[in-house]
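Asker: The following comprises the amino acid sequence and a computationally predicted model.
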Amino acid sequence: MQFVVALMKKLPIVPIALFVGGLVFGLLIGWVIAPVEFVDATPSYLRADLQEDYLRMAIDSYRLNPDPNLAVQRWQNLGVGAQQAFTNIQATPGTADPAVIKSYGELITNVLQGQPPVVEDTGLTTVQTVTLVIGIIVLLGLLGYGGLYLYRLLGKGGSGEVTPTMQAVEMNRKAEKTNFEQLGLAPPITQTMTTYVLGDDLYDESFSIDTQAGEFMGEYGVGVSESIGVGEPKKVTALEIWLFDKNDIKTATKVLMSKHAFNDPAIRARLEPKGELVVVEPQSQVLLETATLQLLATVVDLEYGHGALPTDSYFERITLELAIWPRQG
């Protein structure tokens with residue numbers, strides 16, 4: 001369940017919401033607001049048994065009113081289903097006079113002889129056909145994009161390989177949350193563990209802040225701020241923590257940097273506009289404050305990557321504990 005929750009947090013919620021909303025809106029228009037209405041439709045749209053009943057009535061009417069034009073028109077109204085219906089009536093005439101059935105058939109044969117065969121109306125205009133084809137292409141494109149996104153998100157899903165996302169979920173589960181009440185502090189409004197693992201290039205966590213009554217107070221989260229080097233996966237050298245308060249016009253932001261990034265003037269110059277720069281250390285804490293909220297971020301676990309890049313330059317993994325309190329005074 002935790003893996004599913006973590007996965008949902010990484011999905012592109014806005015595009016998915018827009019797609020679902022557009023789909024629902026389109027169905028609402030097509031089925032409720034402006035549904036397709038058949039006007040003066042021919043019996044060719046009826047089921048086969050009902051077409052047969054219609055032709056029986058047409059033959060019975062021909063017995064009383066032998067109008068050849070009317071008889072042919074009713075035959076043509078059945079489209080390609082007329083011949084099969086007539087064959088069934090010949091096999092089982094029921095209460096109909098076989099002589100009248102034969103006379104009706106001969107009339108139809110004589111009148112329609114030499115005319116091109118009736119082509120069944122599909123009910124789709126050229127514009128409708130083109131629209132349908134375009135819709136199918138768009139739908140296939142969206143499905144392909146969604147499949148590619150999930151493949152990249154989960155790695156080789158279904159192969160049994162443990163992906164970075166799965167590793168992060170397991171680390172969050174094992175991490176022990178701080179008991180702030182034992183420290184003499186009030187329990188936080190919300191308390192969350194979040195872990196970045198090397199290879200999770202889409203790492204971007206966000207959480208809602210709500211009162212016990214369900215009132216929305218704001219949001220907070222953490223995501224990738226800066227990477228170093230080239231190639232895949234990204235070598236993350238800085239994370240960005242943010243706190244949004246609905247009662248504050250400004251979002252509080254701080255950048256957690258590796259030791260190498262913190263001491264590199266070029267990287268510092270790029271990241272300074274984002275917020276206060278902080279070098280991360282195991283068990284270190286960072287405080288963010290807004291008008292009515294406080295966020296305390298604790299570095300629960302930290303391990304740097306080892307490779308061709310400078311020492312302590314990128315994170316192999318980092319687990320953060322994020323706790324929110326109302327700001328007093």
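Answerer: Good, I have the coordinates. Numbering: from 1, shown residues only.
Asker: Can you identify the element that follows the helix or strand bottoming out on mean pLDDT in the chain toward the C-terminus?
Answerer: Using mean pLDDT, DSSP states H and E, helix 2-10 stands out as the lowest-scoring helix or strand of the chain, at a mean of 50. Following helix 2-10 in sequence order, the next helix or strand is helix 13-28 (DSSP states H and E).
Asker: Check which helices and strands the helix or strand immediately after that next one in the chain sits against.
Answerer: Counting by DSSP H and E, the element after helix 13-28 in chain order, helix or strand, is helix 48-64. If you count contacts as 3 or more CB pairs under 8 Å, 6 or more residues apart in numbering; DSSP states H and E, helix 48-64 packs onto helix 68-77, helix 81-91, helix 98-112. Every residue, glycine included, has its C-beta placed from N, CA and C.
Asker: what's the shortest one packed up against?
Answerer: Spelled out, that is helix 68-77. With contacts taken as 3+ CB pairs under 8 Å, 6+ apart, helix 68-77 sits against helix 48-64, helix 98-112.
Asker: average pLDDT for that helix?
Answerer: Summarised as a single mean, pLDDT over helix 68-77 is 86.
Asker: Where do the domain boundaries of this structure fall?
Answerer: By the assignment in automatic domain parsing, the chain contains the domains 1-27, 43-112, 165-326.
Asker: got those as JSON lines, with mean neighbour count and distance to I137 columns?
Answerer: Listed next are the domains of the chain as JSON lines, based on neighbours: other CB atoms under 10 Å; distance: least, CB to CB, whole Å:
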{"stretch": "domain 1-27", "mean neighbour count": "12", "distance to I137": "15"}
{"stretch": "domain 43-112", "mean neighbour count": "15", "distance to I137": "28"}
{"stretch": "domain 165-326", "mean neighbour count": "17", "distance to I137": "27"}
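Asker: Next, find the distance separating V162 from G199.
Answerer: V162 is 10 Å from G199, where distance means CB to CB, to the nearest Å.
Asker: show me where the stretch 101-250 of the chain has strands.
Answerer: Under the criterion DSSP state E, counting those that start in this stretch, the stretch 101-250 of the chain contains strands at 190-197, 204-210, 216-228, 235-245.
Asker: Check what pLDDT the residue lying farthest from the centre of the chain gets.
Answerer: Here the chain reaches farthest from its C-alpha mean at A99, the gap being 63.8 Å by CA atoms, centre = their mean. On the pLDDT scale, A99 is placed at 86.
Asker: same check, this time on L11
Answerer: At L11, the predicted lDDT confidence score is 53.
Asker: just P15 next, same as before
Answerer: Looking at P15, its pLDDT is 66.
Asker: do the same with M257
Answerer: Note on M257: pLDDT of 96.
Asker: Quick check: the closest residue in space to it that isn't next to it in sequence vs V278, distance?
Answerer: Spatial nearest neighbour of M257, excluding adjacent residues (CB to CB, 6 or more residues apart in numbering): A238 at 4.6 Å. Distance from A238 to V278, counting by CB to CB: 10 Å.
Asker: Now do the shared contacts for these two.
Answerer: Residues touching both A238 and V278 by CB atoms under 8 Å, 6 or more residues apart in numbering: V255, L256, M257.
Asker: Paired strands for whichever strand or helix holds the first one, with orientation please.
Answerer: When secondary structure is defined by DSSP H and E, V255 falls within strand 252-257. Sheet pairing for strand 252-257, assigned by DSSP bridges, gives strand 235-245 (antiparallel), strand 276-279 (parallel).
Asker: what would the domains of the chain look like in TSV with distance to G147?
Answerer: Output for those, formatted as TSV (distance: least, CB to CB, whole Å):
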stretch	distance to G147
domain 1-27	13
domain 43-112	38
domain 165-326	16
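Asker: For L143, find the nearest of those domains.
Answerer: Closest approach to L143 among the domains of the chain is made by domain 1-27 (10.8 Å; CB to CB).
Asker: residues in contact with V278?
Answerer: Contacts of V278 by CB under 8 Å, 6+ apart are K254, V255, L256, M257, S284, V286.
Asker: Surely the fifth one and A297 touch.
Answerer: No - the pair S284 / A297 is not scored as a contact, 9.0 Å apart, by CB atoms under 8 Å.
Asker: can you give me phi and psi for L309?
Answerer: Main-chain torsions, L309, degrees, to the nearest 10: phi -80, psi 160.
Asker: The residue lying closest to T290 once chain neighbours are set aside and F262: what is the separation?
Answerer: Distances taken as CB to CB, 6+ apart place D245 nearest to T290, at 3.5 Å, with adjacent residues excluded. According to CB to CB, D245 stands 27 Å off from F262.
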